[in-house]
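>>> Okay, here's the prediction I keep looking at, along with the sequence it came from:
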Number of protein chains: 2
Amino acid sequence: MRLLKMIAILLFPVLLAAQHPVTFFTRAEAAEVKRSLAKYPLLTQSYNDIKKEVDAWIGKDIDVPFPKDPAGGYTHDKHKYNYTLMFNSGILYNLTGNIKYARLVKEMLLKYAVLNPALKNHPQATSSSPGRIFWQALNDANWLVYAGMAYDLVYDSLTTAERKAIEEGAFRPEVDFITKDLQTWFDLIHNHGVWACAGVGIVGIATGNQEYVDMALYGTKKDKKSGFIALMDELFSPDGYYTEGPYYTRYAILPFCLFATALDHARPSLKIFEYRNRILQKALVAGLQQTNLDGTFFALNDALKEKDYTSNELVTAVSTAWAMYGKDNGLLAVAKKQGRVVLNRGGVSIAAATAGTKVIPVFYPYSTVEYTVGSKGDEGGVSLLRNGKGKDLTTLIYKYTSHGLSHGHYDKLNYNLYDKGNEILTDYGAVRFIGIEQKYGGRYLPETKAYAAQTIAHNTIVVDEKSHFGGKESVAEQFHSTKLFSNVSNPAVQVVAAKEEHAYEGVKLQRTVYLIQLPEGRKLLADIFNSNAAEEHQYDLPFHYNGQFISTSLKYDPYTAKLEPLGKKNGYQFLWKEAEATIADSIVQLTFLNDRTYYTISSLVQGQAQVFFTRSGANDPNFNLRHEPAMIIRKKGMNQSFVSVTEIHGNFDPILEFSAGSYPSVKQIKILQQDERYSIVEMQVNDKKLIIAQLNNDFDTKKVHSASGLSWTGPFAVFYDGKKMN
Amino acid sequence: MRLLKMIAILLFPVLLAAQHPVTFFTRAEAAEVKRSLAKYPLLTQSYNDIKKEVDAWIGKDIDVPFPKDPAGGYTHDKHKYNYTLMFNSGILYNLTGNIKYARLVKEMLLKYAVLNPALKNHPQATSSSPGRIFWQALNDANWLVYAGMAYDLVYDSLTTAERKAIEEGAFRPEVDFITKDLQTWFDLIHNHGVWACAGVGIVGIATGNQEYVDMALYGTKKDKKSGFIALMDELFSPDGYYTEGPYYTRYAILPFCLFATALDHARPSLKIFEYRNRILQKALVAGLQQTNLDGTFFALNDALKEKDYTSNELVTAVSTAWAMYGKDNGLLAVAKKQGRVVLNRGGVSIAAATAGTKVIPVFYPYSTVEYTVGSKGDEGGVSLLRNGKGKDLTTLIYKYTSHGLSHGHYDKLNYNLYDKGNEILTDYGAVRFIGIEQKYGGRYLPETKAYAAQTIAHNTIVVDEKSHFGGKESVAEQFHSTKLFSNVSNPAVQVVAAKEEHAYEGVKLQRTVYLIQLPEGRKLLADIFNSNAAEEHQYDLPFHYNGQFISTSLKYDPYTAKLEPLGKKNGYQFLWKEAEATIADSIVQLTFLNDRTYYTISSLVQGQAQVFFTRSGANDPNFNLRHEPAMIIRKKGMNQSFVSVTEIHGNFDPILEFSAGSYPSVKQIKILQQDERYSIVEMQVNDKKLIIAQLNNDFDTKKVHSASGLSWTGPFAVFYDGKKMN
């Protein structure tokens, strides 16, 4: 028995390598794809695209240059192109049987087998995780993933000597480099780690190297504290929120899908797609729910606003999910916009479904969703309150998460508003031009940390002109905001409350946001933001808006002949001060026009406040920043309440020259009661009263309350025109 | 015989009035529309839209308020809505026979019959042509056009007493007002005049009032120096260019079409649609050729960039042209984007054509076109050089027109570049928010004249920081630029030369522009701009660009901590100076990214120059301006040559993270010869030489030239890699 076990263990690597291909798809799957190629337009098109691309290189001597350039430079782009080319050519070999495709892969891999052993750290390496083929190790991991699959795809066509040359020359130095030289980085819980594990794991499966696969699954120490399984445990909350935010879900989901697929073939007993209650499916759905109508990812944390779900990563994820988890009509809308599929079983089935479905929805089926954050779901969360159908969708994103690792922003209790597919109250995202060499070698620009990550770049309170947690990642990583309660069961009144007690020492921040639709259809975002402190502070609340300034209730002093920055540090130095005003005991109103809709922010000032109109772009010698406007309300005192409402109103048609409802309906805001226990505010909306009553410290849903002449049950109540709405 | 004549004259008004409807369509035409309603989707849809709109008002008491508000305000918008409603209801009466639609029109017109005699000048009137129902007379003329047609459409349903009440009460005071009180304005050669004539003329036809029709056709004095015929003669060049620019073609074409249609029914002997070699057809085609791929009108003169050919005016024009001039496949692309037709014969035929055409082109069939300006075609012109197919279209608009009346800009020899549907080198257009009351009563904002019209807001030379013609319309109207030669027969090398000798006293400006496509596909806009003067001047050449700053060859001083305006007047006060540089004997290069394409401007500096990077938005207390960047090259001296090339290169895919060709290929620019007779320049394009040789004062196409070691025939030659391209 013991002997049998030993034999089994010894045989295992051999078994692993016994059938090829086994990573991207299996032989049976390849045959299925081949049979289906002409059947479904999406599949046919995807195949033709790849074939055209690869065929252009057949018979050519393909350059495998010595690494030299940063992102966007020649050697960087060439190596990136090369691994995709090898992968695609490997697929074509299996779908056509034509040896020329295998030969292309072989010749390239043999060049890498010569190149890789000679490599030292990349000359442009600047990060703590330098690469060898590329400037950063992350890209080397990408290379391992695709080169590993390419090798597996042509394995059968190679001689033993060729296999040895490639495994020892092309792969081993890279695997050794990232698992040994960069061991700490490899074992990190971070999106880089997913790529690193997927790369080593796929190469392990392709080359029948159990050691590689085990390191990939369980970390270099195989103690399960790191590695792929730990990453699946720790990078997602139980409901699928990816800890770095939606933009990075996009990036991480690809290696998760690719390695999981390979594992599903090579180690089916792992049931990797079922792992953690189908966490990969949840991750994909959470990622898609966190997109705008046009498919771009919500710009939480460092994010590029152009990125959408038509990217490669999501094409793979959608095909994978369809294959592993079955039919999902929501995914069809995404697949249709993607316009291509991957050439495996998932791709076949989604192409078939697309061809067989008469009416594919235009938009992903967005709904109100709330996600927890953290592997146990106990590190705050994010709520996406939604209202409206089709193009008329309004989404409020309220973020009370943990920090989100190295790409996190200091943006506790921040919110962003999207409406009709447009970003209305904005998050700057990241300051970057991906892959454009002239712009800092295609890397994140320094202004990402210096401006975009800072609190002032967000729609949340900045105390004393300092960012949350002093702008220190190490501190921010120790804390998270806390959700107090939410109620999203009634689409006309959706509410979420959360608090943040660690961002500033001695200051407690608590914000309750309401997405309300009045009976006549008008939508309002109401916001009660209380700050409490025992000492006097300065509180700045910015509204970063996207639109053309139409009017304001303020009498302001514009800086027409000279502009100076709003401040000196913590992101303030990047804001030009375009105008300022002092206001007392009144409401601040700003109306702006975005596309064809008017939006008005109304915010109550009790006592005195300063208001600034700013625009990003100061202290930007390299012209890296976009020039975006904000209104910032500044109050001073111990406890302060910011009661604000953003209303969506009217419409403007520049072609028909038609403008209607350009004035706000909010006429006045009053605080009826504000204390430790209650916040009760009254808003005059045209000739009617909208009253919001909320508990600040008791969220029992059954408790009955009476205050300010109102009675209600539970932690909040909204009254309109004398009637309770919720 | 004499008696017969007299009887005929006496009868004529009666004859005119004998059949109704006769303005918008005839009874026979209405029957044709009715028969076709269910046949063609575009027609059905257009009918249903109107019916739904009008039906919502049936049985309601419709407000005809006493005029009070400016553009965008309630009474303004209500009256505007009312005339459209009456018109549409009148159409429905004819198509359904249902008297309720006639009754709606009658009741509204009777209210106007009570209101109009009581009106004095509008309380918000600020212009020299005040209105009564509206703040400006132009809108009153709009009202006459539509109310006149509405009256005609329901004429048959009215009693004699009702007719009298409406003709005397609703129409006469308005007609008297604009033909007597505003006689000078009525007789003006201007787009307002077209509306005024169409209004009075249509009311004349509808009410059988020959006096009105004659004034409309030949001016209040009936001397033919003004009126509709004179407007057709004078507002267009012989090839259809509308003197105020394409944006205003859009506006003027509607009353031209509506009144011409009514005349075609009521006075067919005029053959109005054949007049001046079918000038209305030419005007429409010229208007459409001057649009971008997305249908927006090129922003010459005061123009709003959102306006496109889906506007009401163009829907009417397209239907009219189809009916009057027959099938035109180019119009189908436009009609498809418009998504609606007018409910007359033209609408029926274009809806039928749309339904019957399998493949409707995506874009209007844009081509290289050159238009003359002025009624005789001898007041300069505009050339639109085009290269590329479908979405890959490049358009260079070179403007050497006359001033263009009150909406003209001081922009002699200006050019703008469009590429792939995006505006690359820009024209600010107009500073305006149409119809938004909060923004200066919905009127043109003061910054239109103060900034957008000024020379510095354009891509042409500003001498001594003063605008062309001292920024005086009365002076500018006396002159026009002059075309010297052009050759557009070879798509790979298109060239236009023009000069301007009056914009600045003692300064001769001459600019030759080339749109070149190199054999390998790269497109370049080359530009030789010579200025000659006997005295020393300062020459500023701006490049207003639309895109993200990527890199520059300049070592510049950025204004990171303080911004000040570039100058004090003539538009300079609106530009923040973001950076400046001094450069000598070199080329200035600026690379920017627009959408997914890189563009690099390279410009030669011989001797010394200053360069400024600016952004609009200074001295803008009301936040009226967009914040747009420019690079301005400043040279001093007597004669100066600006030799520049804008190259279109590379591509960037933010979703696939792919960037290629982000560096320019132009490495060096040299002037080989520059004198009164020749300009010969050499550009190093990667490892090849592009040489442009041109004559500056002899444009004989047959003459043979030898200079700088080159030989060629005619006014220009372009050599690439030693071979002649043209």
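Thanks, I have it.
>>> Any idea how far the helix or strand in which A:Ala335 is found is from the middle of the chain?
In the assignment (DSSP states H and E), A:Ala335 maps to helix A:329-338. Centroid separation for helix A:329-338 versus its chain: 19 Å, with Cα atoms, centre = their mean, to the nearest Å.
>>> Could you list the buried residues of it?
Applying a neighbour-count criterion of 16 or more other Cβ atoms under 10 Å in any protein chain shown, the buried positions in helix A:329-338 are A:Gly330, A:Leu331, A:Leu332, A:Ala333, A:Val334, A:Ala335, A:Lys337, A:Gln338. The way it works is simple: take the backbone N, C-alpha and C, and place the C-beta from them, glycine included.
>>> cool, stretch A:577-594 as well?
Residues of stretch A:577-594 classed as buried: A:577-581, A:583, A:587-594 (neighbour count, 16+ other Cβ under 10 Å).
>>> Is it in proximity to chain B?
Yes - under the criterion of Cβ under 8 Å from any Cβ of the partner chain, chain B is reached by stretch A:577-594 at A:Glu578, A:Ala579, A:Thr591, A:Leu593.
>>> I figured the second one hits A:Gln610, correct?
Think A:Ala579. No - the criterion here is Cβ atoms under 8 Å, and A:Ala579 misses it with A:Gln610 at 11.1 Å.
>>> thinking again about what came up before, among the residues of stretch A:577-594 next to chain B, which lie within helices?
Of those, none are assigned to helices by DSSP state H.
>>> For the helix or strand harbouring A:Leu417, enumerate the helices and strands it packs against.
Assigned by DSSP H and E, A:Leu417 belongs to strand A:414-419. Contacts defined by 3 or more Cβ pairs under 8 Å, 6 or more residues apart in numbering or on different chains; DSSP states H and E place strand A:414-419 against strand A:394-400, strand A:422-425, strand A:523-533.
>>> How far does stretch A:634-653 stretch from one end to the other?
35 Å (Cα to Cα, to the nearest Å).
>>> Quick check: mean pLDDT of that stretch?
Stretch A:634-653 carries an average pLDDT of 96.
>>> mind listing what's buried in it?
A:634-635, A:637, A:639-650, A:652.
>>> Assign the closest residue to A:Thr582 other than its chain neighbours to helix, strand or coil.
Spatial nearest neighbour of A:Thr582, chain neighbours left out: A:Gln610 (5.6 Å); criterion: Cβ to Cβ, 6 or more residues apart in numbering or on different chains. Three-state call for A:Gln610 (DSSP: H, G, I helix; E, B strand; the rest coil): strand.
>>> Does A:Gln610 touch A:Glu580 like I think?
Yes - counting by Cβ under 8 Å, A:Gln610 touches A:Glu580, with 6.3 Å between them.
>>> if we can go back for a sec, what about the residue nearest to A:Thr582, how many neighbours?
By other Cβ atoms under 10 Å in any protein chain shown, the residues close to A:Gln610 number 16.
>>> Skip the chain neighbours and tell me the closest residue to A:Ala147.
Residue nearest to A:Ala147 in three dimensions, not counting chain neighbours: A:Tyr83, with 5.3 Å by Cβ to Cβ, 6+ apart.
>>> how about the helix or strand harbouring that neighbour: buried residues?
When elements are assigned from DSSP H and E, A:Tyr83 belongs to helix A:74-96. By neighbour count on 16+ other Cβ under 10 Å, the buried set for helix A:74-96 is A:75-95.
>>> Mind listing residues that contact stretch A:212-225?
Stretch A:212-225 is contacted from outside by A:16, A:175, A:179-180, A:183, A:186-187, A:197-198, A:200-205, A:226-230, A:259, A:263, A:266-267, using Cβ atoms under 8 Å, 6 or more residues apart in numbering or on different chains.
>>> Out of these, list just those in strands.
Mapping the contacts of stretch A:212-225 onto strands (DSSP state E) picks out no residues; all lie outside.
>>> And the buried ones among those residues, selectable in ChimeraX?
In ChimeraX, this line selects whichever of the contacts of stretch A:212-225 come out buried by 16+ other Cβ under 10 Å:
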select /A:16,175,179,186,187,197,198,200,201,202,203,204,205,226,227,228,229,230,259,263,266,267
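>>> Let me know the closest of the buried residues of helix A:329-338 to A:Leu138.
A:Gln338 (24.0 Å; Cβ to Cβ).
>>> The stretch 151-300 of chain A: helices as residue ranges?
Counting by DSSP state H, counting those that start in this stretch, residue ranges of the helices within the stretch 151-300 of chain A are A:160-165, A:172-176, A:183-186, A:191-207, A:210-218, A:228-234, A:246-266, A:275-289.
>>> Check these for me and report the most buried one.
Highest mean neighbour count among those (mean count of other Cβ atoms under 10 Å in any protein chain shown): helix A:191-207, with a mean of 29.
>>> which parts of the stretch 301-450 of chain A sit against chain B?
Residues of the stretch 301-450 of chain A lying close to chain B by Cβ under 8 Å from any Cβ are A:304, A:306-308, A:310-312, A:433-439, A:442.
>>> Return the residues of the stretch 51-200 of chain A in contact with chain B.
Residues of the stretch 51-200 of chain A lying close to chain B by Cβ under 8 Å from any Cβ are A:Gly72, A:Asp77.
>>> so which residue of the stretch 51-200 of chain A comes closest to chain B?
In the stretch 51-200 of chain A, the residue that lies nearest chain B is A:Gly72 (5.1 Å; Cβ to the nearest Cβ).
>>> Name the SS class of that residue, please.
A:Gly72 ends up coil, using three-state DSSP.
>>> What's the local residue count around it?
24.
>>> same deal with A:Ile350?
Neighbour count for A:Ile350, taken as other Cβ under 10 Å: 30.
>>> Correct me if wrong, but it is in a helix.
Yes - when three-state DSSP is applied, A:Ile350 is found to be in a helix.
>>> Can you give me every residue that contacts it?
Residues in contact with A:Ile350 (Cβ under 8 Å, 6+ apart) are A:Leu42, A:Val318, A:Ser319, A:Trp322, A:Leu331, A:Leu332, A:Ala335, A:Val341.
>>> Just the buried positions in the strand or helix carrying the fourth one, please.
A:Trp322 is part of helix A:312-325, with elements assigned from DSSP H and E. For helix A:312-325, burial by neighbour count (16+ other Cβ under 10 Å) applies to A:312-325.
>>> And the helix or strand following the helix holding A:Tyr83, what's buried?
Counting by DSSP H and E, the next helix or strand C-terminal to helix A:74-96 is helix A:99-115. For helix A:99-115, the neighbour count (16+ other Cβ under 10 Å) marks A:101-106, A:108-113, A:115 as buried.
>>> would you turn those into CSV with pLDDT?
Shown next, in CSV, are those (pLDDT from 0 to 100):
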residue, pLDDT
A:Tyr101, 98
A:Ala102, 98
A:Arg103, 98
A:Leu104, 98
A:Val105, 98
A:Lys106, 98
A:Met108, 98
A:Leu109, 98
A:Leu110, 98
A:Lys111, 98
A:Tyr112, 98
A:Ala113, 98
A:Leu115, 98
